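# 3D model of this:
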Amino acid sequence: MTQLLSAAVLFLHAVTPALAQEVLDTDPNTLAPSKDPKRVANGLAPTPPMGWNSWNKFACDVNENVIRDTADAIASNGMKAAGYQYVVIDDCWHGTRNVDGFITEDRQRFPSGLKALADYIHSKGLKFGIYSDAGTKTCGGRPGSQGHEYQDAVQYARWGVDYLKYDWCSSGVRNAEEAYATMADALKATGRPIVFSLCEWGNSKPWLWGAKIGNLWRTTGDITDKWQGKHKYSWGVASIVDMNEPLWPFAGPGHWNDPDMLEVGNGGLSDVEYRSHFSLWAIMAAPLIAGNDVANMSPATRDILLNRDVIAVNQDTLGQQGHRAIRDGDKEVWVKQMADGGRTLLLWNRGESPVRMTASWTDLGLPASLRLRGRDVWTHKDLGRLAGRYEAEVAPHGVVMVRLSS
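Numbers count the residues shown, from 1 in each chain. Next comes the predicted model:
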């Protein structure tokens, strides 16, 4: 009998924590925001956001004239017509907080004020984006939003903000899911539709909890204008691709994996490499946020950023992120399923010499017997009916990208 009682006591000790945890998990004070059944997505960004951000080219050297010139360029050079919408000021626009705690703009850099600047951008048929941080300071040392989330959201709505990039510097031991959910709720409370970009660098796996909190989340550290490798705290294009690609099941309409902004046109890579960069971001359903000086870009850069066939792959309404189907050394075959039932095929040569590459329909999850229409999205040439496979020579660090349809 003593042995039976002891066993019963041990059993109760074993199950009590689990039962207590189940009770705690239903407590709204301890429930993770992403698990709250009352939380719903904001309904924005049904396709990956497209636009421009100041950081990759201008960093903290940003001002009102740069933003106005950029908006003028996007509105007139074909970018707006191709789908680029958001003009986003990154770090270093902040002034001080006023006596009531509301954030103000740096009036030396933005003498007309951000409301006037937003009105100007809206007058061009574009949308206005801004930057802040979940910590006490931004990465550039300006005032962060921690403790002022609802005040800042109200100020952004007053100014006419349509997009918020929210960084993760000076955040201490703060819980990322809580921090981003707090700002998400603050934005929603304003009643203004504001696309929410979570920029905590993938540290706390936001793809696991971000779908009802934001519209896109960074999956990696910062990008840099180099082909591959780690450079201080930043990563080259090919290295970022390798970090972002495995996360493809988590992306979809309204919630996108973000491998950071585009470096196309900033001068660190060749045009072949920039075409690969743009193609890979497009097939990964990544946000297409240009980061170059669009008011003074070369014809080659313009041709890349304005390639509507490639943009159409990115903006496909099915919203499936493309992924690697085969890797054979430096040769990779990628595939993205499309809303019309077709596929986009990408052949990527990561090596230093030209190679002949082949992809069979079975590699793409299609029957070998299919005859599919092909279109090369970089040469804009129709390839006719293709039977069972596609073969092409691919330049070093280059891609061949083909749209396949029935």
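
# Excluding covalently adjacent residues, which one is nearest to residue 348?
Distances taken as C-beta to C-beta, 6 or more residues apart in numbering place residue 332 nearest to residue 348, at 4.3 Å, with adjacent residues excluded. From N, CA and C alone the C-beta is placed, and that goes for glycine too.

# Need the three-state assignment for that neighbour.
With DSSP: H, G, I helix; E, B strand; the rest coil as the basis, residue 332 sits in strand.

# which ones are touching the residue lying closest to residue 84 once chain neighbours are set aside?
In this structure, residue 84 finds its nearest non-sequential neighbour in residue 50, 4.7 Å apart by C-beta to C-beta, 6+ apart. Residues near residue 50 by C-beta atoms under 8 Å, 6 or more residues apart in numbering: 82, 83, 84, 85, 86, 287, 288, 289, 311, 314, 315.

# before we move on, back to that, do you know how far the residue nearest to residue 348 is from residue 241?
According to C-beta to C-beta, to the nearest Å, residue 332 and residue 241 sit 9 Å apart.

# Could you do residue 122 as well?
With C-beta to C-beta as the criterion, residue 122 and residue 241 are 35 Å apart.

# Looking at those two, which has the bigger crowd around it?
Just comparing residue 122 and residue 241: by other C-beta atoms under 10 Å the higher neighbour count belongs to residue 241, 24 against 15.

# Neighbours of residue 29, how many?
Neighbour count of residue 29, defined by other C-beta under 10 Å: 5.

# Any chance of the backbone angles for the residue nearest the centre of the chain?
The centroid of the chain falls nearest to residue 258 when counting by C-alpha atoms, centre = their mean (2.6 Å). Per-residue torsions, residue 258: phi -120, psi 100 (degrees, to the nearest 10).

# I'd say residue 392 and residue 400 touch.
Yes: using C-beta atoms under 8 Å, residue 392 makes contact with residue 400 at a distance of 4.5 Å.

# Mutual contacts of these two, please.
Residues touching both residue 392 and residue 400 (C-beta under 8 Å, 6+ apart) are 347, 357.

# So for these two, which residue has more residues nearby?
Here residue 392 and residue 400 are set side by side on neighbour count (other C-beta under 10 Å), and the busier one is residue 400, at 22 against 17.

# can you confirm the more buried one is in a strand?
Yes: under three-state DSSP, residue 400 sits within a strand.

# So what's the residue count around residue 65?
11.

# swap that for residue 396, please
Count around residue 396 with other C-beta under 10 Å applied: 15.

# What of residue 197?
26.

# same question, residue 358
A count of nearby residues for residue 358, using other C-beta under 10 Å, gives 13.

# Tell me the confidence at it?
If you check residue 358, the pLDDT there is 97.
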